[in-house]
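# The amino acid sequence is not available; the structure is as follows:
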């Protein structure tokens, strides 16, 4: 009897210790989660919305506002520097060029991919391009000017080029970085809703094919448009951090997506990406391709008027670079959509059409798709979709080779300097 009571007491005591240990572990885990949640909430936030680095422009729609900004991107723990000068360019200093200066300038036009909000000034591909050109060319000094503005389409880049020239900011080489949503920007269409953007300036082609500046911007900054993205705040910052890290890893691992779907995770996207709604919609192509070609021709004419050279590059969408991963997601999100199906069957349509356009206009064209797709690493910021530091570094390598192969000779450069002073 006493033995049974003793054994029972021992089992009860052991059970209590196990329960106490389990409760301690659970409480410890809960405390750890709470501490991490508060810690991440303190350091893992974004101030993108607070910054408002742009302001209304009666011609361009919006322009960058001069200042020194400490940007806290949603995928980063540390802030990074963004410098916007008095010309509205992401440069510390940009002065008009003069005859006594031996500096050759490369002006890089583009949208948010060129502006590079997600990285520090020193990590921009334009900063690295300048450094690489100066390391390669020992007898001549080069400046690479970042003229990228988030949300700009080809028409705005034409207007910006003319404005900079009027203010003495003239290049010897112009690089126009197209992105796969530029067709929609040029038609003033939201990427998702297809509503017109009242703040975006617009060009049209008349029946004779003449390009006309037909729409001046209205001062309306609308949330959810191409310029002002709709903000979705996470319910758990800790979960958001883990999600971003996993998405970064999953960019090159389609098996992760299949495994996530198998265990019930939602791996869909809410709307068709811009690369699909721009290049796989017959109506957009019918109007957008002739307009883009006319705008490219107009930029080329403007650049040649200052004896400079225009080069064109198309930055690939992460949907294209990681087509195996995003193919899984698109099939789950839009199983019966004809445009999504068209993209999956022919993911490089944009590259092919832009290349053909540039050949017709006799413009050198850079296609980095193969080089990017061959890299088994994350080159884009998850969810955000822009280049991360590795993406900027890889693009700088490609761009330096491309620009170096098309640098004008000394006589061409001298003529350009004379034109810039008149």
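It's in. As the structure is a prediction and not an experimental result, all values here were calculated from the model.

# So what's the residue count around residue 204?
By the criterion of other Cβ atoms under 10 Å, residue 204 has 15 neighbours. Where C-beta positions appear, they are placed from N, C-alpha and C, glycine not excepted.

# measure it to residue 354 for me?
Using Cβ to Cβ, to the nearest Å, residue 204 is found at 21 Å from residue 354.

# Okay, helices next: where are they in the stretch 301-422 of the chain?
For the stretch 301-422 of the chain, the helices defined by DSSP state H, counting those that start in this stretch cover 318-321, 323-333, 338-345, 349-361, 369-373, 389-404, 410-420.

# contact partners of the shortest one?
Read it as helix 318-321. Residues outside helix 318-321 that contact it (Cβ atoms under 8 Å, 6 or more residues apart in numbering) are 180, 251, 273, 275-276, 326, 330, 343, 347-348, 350, 369, 372-373, 379-380, 385.

# which of those residues are buried?
By neighbour count, with 16 or more other Cβ atoms under 10 Å, the contacts of helix 318-321 hold 180, 251, 273, 275-276, 326, 330, 343, 347-348, 350, 369, 372-373, 379-380 as buried.

# To be precise, which single item in the residues you listed has the lowest pLDDT?
Least confident of those in the model: residue 251, at 49.

# returning to what we had before: now the helices of the stretch 301-422 of the chain in TSV, with distance to residue 197?
As requested, the helices of the stretch 301-422 of the chain are exported to TSV (distance: least, Cβ to Cβ, whole Å):
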stretch	distance to residue 197
helix 318-321	22
helix 323-333	25
helix 338-345	21
helix 349-361	21
helix 369-373	28
helix 389-404	27
helix 410-420	34
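
# just those: most buried one?
When the helices of the stretch 301-422 of the chain are scored by mean count of other Cβ atoms under 10 Å, the highest mean neighbour count falls to helix 318-321 (a mean of 22).

# what's the average pLDDT for the helix or strand in which residue 178 is found?
Element membership of residue 178, judged by DSSP states H and E, is strand 173-179. Throughout strand 173-179, pLDDT has a mean value of 98.

# And for stretch 195-212?
pLDDT averaged over stretch 195-212 gives 92.

# what comes into contact with that stretch?
Stretch 195-212 is contacted by residues 56, 59-62, 151, 153, 155-156, 158-159, 185-190, 213-222, 225-227, 290-291, 294-295, 297-298 when judged by Cβ under 8 Å, 6+ apart.

# For that stretch, measure first residue to last.
End-to-end distance for stretch 195-212, by Cα to Cα, to the nearest Å: 21 Å.

# Where do the strands of this structure begin and end?
Applying DSSP state E to the chain gives strands spanning 54-57, 61-64, 67-71, 80-84, 104-110, 142-148, 173-179, 202-205, 211-215, 309-315, 365-367.

# how about a markdown table for these, with distance to residue 91 added?
Compiled in a markdown table, the strands of the chain are given as follows (distance: least, Cβ to Cβ, whole Å):
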| stretch | distance to residue 91 |
| --- | --- |
| strand 54-57 | 16 |
| strand 61-64 | 10 |
| strand 67-71 | 12 |
| strand 80-84 | 7 |
| strand 104-110 | 11 |
| strand 142-148 | 6 |
| strand 173-179 | 15 |
| strand 202-205 | 27 |
| strand 211-215 | 27 |
| strand 309-315 | 20 |
| strand 365-367 | 22 |
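
# Show me how the chain divides into domains.
Using automatic domain parsing, the domain ranges for the chain come out as 1-43, 46-420.

# pLDDT weak spots in the stretch 51-200 of the chain?
Residue ranges of the stretch 51-200 of the chain with pLDDT under 70: 51-52, 72-78, 92-101, 137-138.

# so how many other residues sit close to the residue lying closest to residue 399 once chain neighbours are set aside?
Nearest residue to residue 399 in three dimensions, chain neighbours excluded: residue 129, at 5.3 Å (Cβ to Cβ, 6 or more residues apart in numbering). Neighbours of residue 129 under the rule other Cβ under 10 Å: 26.

# what residues are up against residue 129?
Going by Cβ under 8 Å, 6+ apart, residue 129 touches 106, 108, 144, 396, 399, 400, 403.

# now residue 154
Counting by Cβ under 8 Å, 6+ apart, residue 154 touches 176, 178, 182, 185, 186, 292, 295, 296, 299.

# Wait, residue 313 touches residue 399, no?
Yes - the criterion here is Cβ atoms under 8 Å, and residue 313 meets it with residue 399 at 6.9 Å.

# what's the burial count for residue 277?
Neighbourhood size, residue 277 [other Cβ under 10 Å]: 23.

# who's in contact with it?
When contacts are counted by Cβ under 8 Å, 6+ apart, residue 277 touches 184, 191, 192, 194, 284, 339.

# do you know how far it is from residue 385?
Per Cβ to Cβ, residue 277 is found 14 Å from residue 385.

# Then residue 56?
Taking Cβ to Cβ, one finds residue 56 at 26 Å from residue 385.

# on that earlier part again, from the contacts of residue 277, list the buried ones, please.
The buried subset of the contacts of residue 277 (16+ other Cβ under 10 Å) comprises 184, 191, 192, 284, 339.

# Export these to JSON lines and append columns for distance to residue 102.
Formatted as JSON lines, the buried ones among the contacts of residue 277 follow (distance: Cβ to Cβ, whole Å):
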{"residue": "184", "distance to residue 102": "41"}
{"residue": "191", "distance to residue 102": "43"}
{"residue": "192", "distance to residue 102": "48"}
{"residue": "284", "distance to residue 102": "45"}
{"residue": "339", "distance to residue 102": "51"}
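
# which one of those residues is nearest residue 123?
Set against residue 123, the nearest of the buried ones among the contacts of residue 277 by Cβ to Cβ is residue 191 (26.4 Å).

# Not counting its neighbours along the chain, what's nearest the closest one?
Distances taken as Cβ to Cβ, 6+ apart put residue 274 closest to residue 191, at 4.4 Å, once the chain neighbours are dropped.

# One more: residue 55?
Of all residues not flanking residue 55 in the chain, residue 65 sits nearest, at 4.9 Å (Cβ to Cβ, 6+ apart).

# Good, we can wrap up now.
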